[in-house]
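1. dropping a prediction and its sequence here:
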Amino acid sequence: MSLLDLQTSRLRAVPWRNLTDAEMAELFAPKVVQWLPSGFQTPEDDGARRAFLEAVSQQAEVIALRETAGQGIGLVIFSFPDKGAAIRNLGYLFAEAAWGQGLASELLGGLQAHFRGSGVTISGGVMQQNAASARVLEKAGFTPGPSGTETVYSWRAGG
């Protein structure tokens, strides 16, 4: 059940290493990563961004998202399942040019369809200041629960 099989009406998953330098720069723009963990905010050039994602890839499945026209517009980071555990931690981001088009909702719907019936619980933390991401998760049926400076949203895929 690889995330590289993920496809929606406007998005398709591709290996993140296929992103161009310009696409990577847009995905790591300060406004895009402002609510993400500090590691996303420090890579200042393409080599550093790729090294960062390479390191993240050792701990999680990382894919890029391309819109149907071919432009790389997003990243999805999905933790590898712990042995015997059904919880997978989700992180995602979209280039600023893709904001406000319903793509995050489409991505979540695609992930829910991808995992439906698997028994997996998808969980993702949102900084309390990031109201837009919180609304998208709630609209997709994720249940919030406070956890320090962030709110953790969860959705169980049944099964």
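-> Perfect, thanks for sending it. Numbering: from 1, shown residues only.

2. tell me which stretches of the protein form helices.
-> Listed from the start of the chain, the chain has helices (DSSP state H) covering 21-27, 30-33, 46-56, 103-115, 131-139.

3. got the buried residues for stretch 76-95?
-> Taking 16 or more other Cβ atoms under 10 Å as the neighbour-count basis, stretch 76-95 is seen to contain the buried residues 76-79, 88-95. C-beta here means a position set from N, CA and C on the backbone, and glycine is covered the same way.

4. quick one, what contacts the nearest residue to E26 once chain neighbours are set aside?
-> Leaving aside its sequence neighbours, E26 sits nearest to A95 (Cβ to Cβ, 6 or more residues apart in numbering; 4.1 Å). Contact analysis of A95 by Cβ atoms under 8 Å, 6 or more residues apart in numbering lists 23, 26-27, 29, 32, 72-74.

5. what of L65?
-> L65 makes contact with 11-14, 72-76, 94, 103, 107 under the criterion Cβ under 8 Å, 6+ apart.

6. quick one on the thing from earlier: please check the contacts of A95 and keep the buried ones.
-> In terms of neighbour count (16+ other Cβ under 10 Å), the buried residues within these are 23, 26-27, 32, 72-74.

7. farthest pair in these?
-> Distances among these were taken as Cβ to Cβ; the most separated pair is V32 and G72, at 12.8 Å.

8. centroid-nearest residue for this structure?
-> Centroid-nearest residue in the chain: Y92, 1.8 Å away (criterion: Cα atoms, centre = their mean).

9. show me what that residue bridges to in the sheet.
-> Here Y92 sits in beta bridges with V76, going by DSSP bridges.

10. re the thing from before, comparing the helices of the chain, which comes out most buried?
-> When the helices of the chain are scored by mean count of other Cβ atoms under 10 Å, the highest mean neighbour count falls to helix 103-115 (a mean of 19).

11. what mean pLDDT does it get?
-> Averaging pLDDT along helix 103-115 yields 96.

12. what's the angle between it and helix 131-139?
-> Here helix 103-115 points in a direction 40 degrees away from that of helix 131-139 (axes from the mean of the first three to the mean of the last three Cα atoms, to 10 degrees).

13. mind checking how far the residue nearest to the centre of the chain is from G110?
-> Distance from Y92 to G110, counting by Cβ to Cβ, to the nearest Å: 11 Å.

14. can you name every helix or strand that the lowest-mean-pLDDT helix or strand in the chain contacts?
-> Of all helical and strand segments in the chain, the minimum by mean pLDDT, DSSP states H and E falls on strand 143-147, at a mean of 86. In terms of contacts (3 or more Cβ pairs under 8 Å, 6 or more residues apart in numbering; DSSP states H and E), strand 143-147 is packed against helix 131-139, strand 150-156.

15. that concludes my questions; thank you for your assistance.
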